[in-house]
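>>> With the sequence up front, the predicted model follows.
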Amino acid sequence: MIKGLKKRVFLAIALLLLGLVPLLDAIARIACDGLWFQEVDYFNEFVLRRTTQGAIWTLVLTATLAFFWGNFWLVG
């Protein structure tokens, strides 16, 4: 029983670390872009770009989830 628990804990830690690596990479890239845009005095454009990308992502996600929810509702 202890052996199986150790495997699960190890697997959970490994998956957590594998998930953190891309997240930290994305944060570092966004921070680097923000610093660069700030250095060349275009930080407002950077914020506008990120805000627009976030809004479009949210709209597409909402439309996709609504589409899938509608299909599941029709099937059910």
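Nice, I can see it.

>>> Residue 5 and residue 12, how far apart?
11 Å (CB to CB, to the nearest Å). Every residue, glycine included, has its C-beta placed from N, CA and C.

>>> Quick one: neighbours of residue 6, just the number.
10 (other CB atoms under 10 Å).

>>> Residue 49 too?
Residues lying near residue 49 (other CB under 10 Å) number 13.

>>> Okay, and it sits in which element?
Using DSSP states H and E, residue 49 sits in helix 43-75.

>>> and that helix, which residues are buried?
residue 46 (16 or more other CB atoms under 10 Å).

>>> other SSEs contacting that helix?
Packed against helix 43-75 by the contact rule (3 or more CB pairs under 8 Å, 6 or more residues apart in numbering; DSSP states H and E) you find helix 2-39.

>>> now the helix it packs on, how far from the chain's geometric center?
For helix 2-39, the separation from the chain centroid amounts to 11 Å (computed by CA atoms, centre = their mean, to the nearest Å).
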